[in-house]
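Visitor: Take a look and give me a structure for this.
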Amino acid sequence: MDVLKEKFTISTDQSRLNVLYIHQFLERSYWAQNIPLGTVKKSIEGAVCFGVYDGEKQVGFARVITDKATFGHLADVFIDESYRGLGLSKWLVETIMNHPDLQGFRSWQLGTRDAHGLYAKFGFRALENPERMMRKHDPDVYKNKVPGLP
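Guide: Residues are numbered from 1 along each chain as shown. Next up is the predicted model:
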């Protein structure tokens with residue numbers, strides 16, 4: 001699926017993704033610092049991915065981890081620093097939330113340190129009952145060699 005706006009395109013065609021560019025951005029991000037290239041490749045294979053392009057040049061990315069029926073987790077959303085302020089992140093999230101394969105979910109989730117205002121425009125809110133949620137978190141996983149990953 002391709003969506004066009006002015007000179008930009010958002011595409012779900014995984015063959016267009018510049019995996020090295022995505023990896024370079026993510027390994028410097030606050031949420032995936034030092035992530036191995038093999039982990040990025042595997043995460044892309046298991047998700048619905050959205051690339052943002054200026055012509056053929058990739059300038060943004062996001063992925064949704066989902067069962068395509070009840071639940072979606074929005075992750076790794078970014079727009080290249082040199083393209084920020086053009087409304088691309090809002091357009092990207094809007095495109096994701098309108099994607100035909102991602103409709104009718106009972107629940108969406110995401111994590112963010114600084115983009116609460118963006119996601120609130122699409123109905124995301126802080127957890128109503130955080131005491132019901134649990135997670136297992138290993139913040140040092142990318143610093144250690146994980147068996148089975150390059």
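Visitor: ok, which stretches of this protein are helices?
Guide: 19-26, 37-45, 88-98, 116-120 (DSSP state H).
Visitor: Quick check, residue 3 in contact with residue 12.
Guide: No. At 9.1 Å, residue 3 does not count as touching residue 12 under the criterion of C-beta atoms under 8 Å. For every residue, glycine as well, the C-beta is placed using N, CA and C.
Visitor: that older thread, which one of the helices of the chain lies closest to residue 109?
Guide: In terms of C-beta to C-beta, the element of the helices of the chain nearest to residue 109 is helix 116-120, at 10.3 Å.
Visitor: mind checking how far that closest one is from the chain centre?
Guide: Relative to the centre of its chain, helix 116-120 is centred 15 Å away, using C-alpha atoms, centre = their mean, to the nearest Å.
Visitor: elements contacting that helix?
Guide: Packing contacts for helix 116-120, counted by 3 or more C-beta pairs under 8 Å, 6 or more residues apart in numbering; DSSP states H and E, involve helix 88-98.
Visitor: CSV please, covering the helices of the chain and showing mean pLDDT, mean neighbour count and distance to residue 75.
Guide: Formatted as CSV, the helices of the chain follow (pLDDT from 0 to 100; neighbours: other C-beta atoms under 10 Å; distance: least, C-beta to C-beta, whole Å):
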stretch, mean pLDDT, mean neighbour count, distance to residue 75
helix 19-26, 97, 17, 10
helix 37-45, 95, 16, 8
helix 88-98, 97, 18, 11
helix 116-120, 92, 13, 12
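Visitor: okay if I get the ones you listed as CSV plus distance to residue 7?
Guide: Formatted as CSV, the helices of the chain follow (distance: least, C-beta to C-beta, whole Å):
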stretch, distance to residue 7
helix 19-26, 18
helix 37-45, 25
helix 88-98, 11
helix 116-120, 22
